[in-house]
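In: Starting from these lines, generate the structure:
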Amino acid sequence: MTLRDYTANVISASKVVPDGNFRDSKASGVWDINEALDLIKGGNWPNVANINPASFVDGLFQTHLYNGTSADLSINNDINLSGSGGLVWFKDRNYANNHRLYDTARGIRKYLDSSATAAEATNSGSGNSNGISAFNSNGFTIGNDGYINDSSSEYVSWTFRKQPKFFDVVTYTGNGVLGRTISHSLGSVPGMIIVKRTNGSASWYVYHRGVDSSAPEDYVLLLDGTNARINSSAAWNDTAPTDSVFTVGDNSNFNGSGDTYVAYLFAHNNNDGGFGEPGDQDIIKCGSLTSDTSSNVSVNLGFEPQWILIKNVTSSASWWIVDTLRGMPVVNSNGALATLRANSSDAENTSNYQGIVPTSTGFEVRTAASSTLFGDNQTLIYMAIRRGGMQTPTAASSVFVIDARTGLTPEYVSGFPVDFALVKDSNSSSNWIVNTRLMGGKRIETNTDDAEADDSLAKFDIQNGIRSDAVAGDYGWMWKRARGYSDVATYTGTGSARTVAHNLGVAPEMMWFKCRSDVDIWTVYHSALGEGKRLKLNANTAAEDDTSSFNNTAPTSSVFSVGSLGQIGGNGRTYIAYLFATVAGVSKVGSFTQSGATNVDCGFTGDTPSFLLLKRTDTTDNWRVYDAARGLVAGNDKVLNINRNVAQSDDSNLINPNSGGFATTSTLANGDYIFYAIAATS
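Out: Residues are numbered from 1 along each chain as shown. Predicted structure coming up:
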């Protein structure tokens, strides 16, 4: 490194981690120009293998599901609470127990209940009342408190880490002065503020930017109640918050002399978040919409949400909390939306509300939800947090796993929340089941053209795997969505050519399309064939000329194109698309021409594939599935056909593992092939 490589704020020859808001940090050390550009453009540390967790929603917010143990339990959710601070919000899903909120500003074992007005209480640290006993660098530790860790219950925790432009927690002591300002470190104007007196009984008071279009600071909401918005100068002194302070009145609920308070501040990103690999993405939004019982209402966030808090502020109504981990499916019918209420101790409700559903760019409030939860022509406010998977994976094991059925729960273990899975009994003539988080308790099958069907055994509300059909499958192939690797998009056809947004972050190299609402073929796009040809996933046919399916238009990093055909874009029909791409050292979408034995380099740096999907395209041939779990070795391999419901068979030594990829033998027929490979996962 030479002097010309130095950038600003160089103090020593030893690089140190930037603190706080990395963009404004005065980090010392020697940085070369490429490292500086990487930091600015991607929010990454100089070592490309060490991703800055503050750049991505995964390091700032997590929904974590767990079963109580009635014993000390450490929850590892990869959120640094001990170093950065934050809030953990708990709710018993099975029983009518109060919400419990713990934060690092008030300290361990000190909790508040969002559904009650009670003062702060402290767990004793013994017996059955231990609460959070430690905030850790990768999560937190809880004791055997019956509200958050009873062996008879299932629980959800939502963790918010302090970070500029996302979340802050502030404590203060009141002075009784009207118009007092409270400093915060959110670094942007808050979209929502929640204030609670901690040394005495008081409601939870909420500011939200969407409660009024002109002067939201004139109003207050009660988190522990169902009240409509209340016009009150006693709360915020009719003064809008800024990027450094918020204002309170002299009321004892906000600023009583000698009283103590906690405030939770949530940002509203408006194309200024600065998160993600491009460094220009939003992860949290606070806004409003008007409900409609006669038509669906679409909200454009600019991202797909994983968590939504939503309330009617025109009339008396609850604060509804939904998230994709517990169940927020994109339903056609009979979908169970898993809801909790911040203002109620009630257990989780999985009634058939059919209608707060995520989209690739936001969410919809469907007519069923408006009719059941909100009413017509009502102002609804919301806070929405972006789905995870914003960063490109560096290891296949973090986004793909094959597991043999355990017979327990989960039946297929992944080590991460699963977004979609293939399930098949390898030794019988069973169908290939596709279960997908966005579809909830539904199934489609890769070897049939059937529409989606109910599948009560498909369960995704689990942290480290899935529950699926115990009869139909002895193996599960599980994917997690991640930037540049895989994505899932749902949409409704219009009967005309159109573009559909996705969140892959790169141009898809392979896409599988299936009509959910009607019987129709699976349509496959592959970049090696181009946008003027298609394959059928549920058939062995060769590639067909087709300029209609993809509107003869190649996909981009943000959208793909569909035509008007019923199989992919019919008016009023609903669809799901699975998108795949190449990630160096993790996955490879490619093609080759077989002419005798061929070595195919997947770029796996010495590894061989854990999964391989292979299809000849110039003539009829089955879609072949190989994997390391069932045996991918030199010699005969067990092969399945994703387009057929037959049992596995020996492949007559067509494929062998090879350093960095795979090799074909001369036994494989000469011709043109496409493939999709995933690197070793262990």
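
In: for the stretch 101-250 of the chain, what spans make up the helices?
Out: Using DSSP state H, counting those that start in this stretch, the helices of the stretch 101-250 of the chain run over residues 233-236.

In: For it, give me the ranges with low pLDDT.
Out: Residue ranges of the stretch 101-250 of the chain with pLDDT under 70: 126-129.

In: do the same with the stretch 251-400 of the chain
Out: In the stretch 251-400 of the chain, residues with pLDDT under 70: 335, 352.

In: what do you get for the stretch 501-650 of the chain?
Out: Ranges of the stretch 501-650 of the chain meeting pLDDT under 70: none found.

In: Domain map for this protein?
Out: For the chain, automatic domain parsing gives the domain ranges 1-50, 57-161, 167-267, 284-386, 396-479, 486-580, 587-678.

In: how many neighbours does residue 377 have?
Out: By other CB atoms under 10 Å, the residues close to residue 377 number 12. The way it works is simple: take the backbone N, C-alpha and C, and place the C-beta from them, glycine included.

In: before we move on, what about the one 5 residues further on?
Out: Around residue 382 there are 23 other residues, counting by other CB under 10 Å.

In: and if you look at residue 606?
Out: Neighbourhood size, residue 606 [other CB under 10 Å]: 9.

In: and it, what does it touch?
Out: Contact analysis of residue 606 by CB atoms under 8 Å, 6 or more residues apart in numbering lists 659, 660.

In: Would you verify that it is located in a helix?
Out: No: going by DSSP: H, G, I helix; E, B strand; the rest coil, the assignment for residue 606 is coil, not a helix.

In: distance of it from residue 662?
Out: Relative to residue 662, residue 606 is positioned 13 Å away (CB to CB, to the nearest Å).

In: do residue 527 as well
Out: 19 Å.

In: who has more neighbours, the two?
Out: More crowded of residue 527 and residue 662, by other CB under 10 Å: residue 662, with 24 against 19.

In: so how far is residue 678 from the more buried one?
Out: Per CB to CB, residue 662 is found 12 Å from residue 678.

In: any residues in contact with both of these two?
Out: Common contacts of residue 662 and residue 678 (CB under 8 Å, 6+ apart): 609, 612.

In: Now do the SS call for the nearest residue to residue 559 once chain neighbours are set aside.
Out: The shortest distance from residue 559 to any non-neighbouring residue, by CB to CB, 6 or more residues apart in numbering, is to residue 499 (4.1 Å). Put simply, residue 499 is strand when judged by three-state DSSP.

In: Can I get the domains of the chain in JSON lines including distance to residue 273?
Out: As requested, the domains of the chain are exported to JSON lines (distance: least, CB to CB, whole Å):
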{"stretch": "domain 1-50", "distance to residue 273": "11"}
{"stretch": "domain 57-161", "distance to residue 273": "10"}
{"stretch": "domain 167-267", "distance to residue 273": "8"}
{"stretch": "domain 284-386", "distance to residue 273": "7"}
{"stretch": "domain 396-479", "distance to residue 273": "23"}
{"stretch": "domain 486-580", "distance to residue 273": "15"}
{"stretch": "domain 587-678", "distance to residue 273": "28"}
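
In: Of those, give the one that comes closest to residue 278.
Out: With CB to CB as the measure, domain 1-50 is the member of the domains of the chain nearest residue 278 (6.9 Å).

In: Run a quick check on residue 247 versus residue 178, I expect a contact.
Out: No: Residue 247 is beyond contact range of residue 178, at 9.5 Å (criterion: CB atoms under 8 Å).

In: who touches both of the two?
Out: Common neighbours of residue 247 and residue 178, counting by CB under 8 Å, 6+ apart, are residue 237.

In: So between the two, which is more surrounded?
Out: Shown here are residue 247 and residue 178; by other CB under 10 Å, residue 247 has more neighbours (21 against 13).

In: Skipping adjacent residues, who's closest to residue 161 in space?
Out: residue 86 (4.2 Å).

In: So which residue is smack in the middle of the protein?
Out: residue 387 (3.2 Å; CA atoms, centre = their mean).

In: Would you confirm that that residue contacts residue 284?
Out: No: the criterion here is CB under 8 Å, and residue 387 misses it with residue 284 at 11.9 Å.

In: Tell me which of the domains of the chain sits nearest to residue 274.
Out: Nearest of the domains of the chain to residue 274, taken as CB to CB: domain 1-50 at 6.4 Å.

In: what's the average pLDDT for that closest one?
Out: Domain 1-50 shows a mean pLDDT of 41 in the predicted model.

In: show me where the protein has helices.
Out: With DSSP state H, the ranges of helices along the chain come out as 33-42, 81-84, 233-236, 252-255, 367-369.

In: any idea how far the residue nearest to the centre of the chain is from residue 656?
Out: According to CB to CB, residue 387 and residue 656 sit 39 Å apart.

In: can you check residue 548 too?
Out: Applying CB to CB, the value for residue 548 to residue 656 is 39 Å.

In: again, but for residue 350
Out: Residue 350 sits at a distance of 48 Å from residue 656 (criterion: CB to CB).

In: next one: residue 635
Out: 8 Å.

In: May I see the buried residues of stretch 87-102?
Out: Residues of stretch 87-102 classed as buried: 87-93, 97-102 (neighbour count, 16 or more other CB atoms under 10 Å).

In: quick check, nearest of the residues you listed to residue 326?
Out: Looking at those and their distance to residue 326, the nearest is residue 93, at 7.4 Å (CB to CB).
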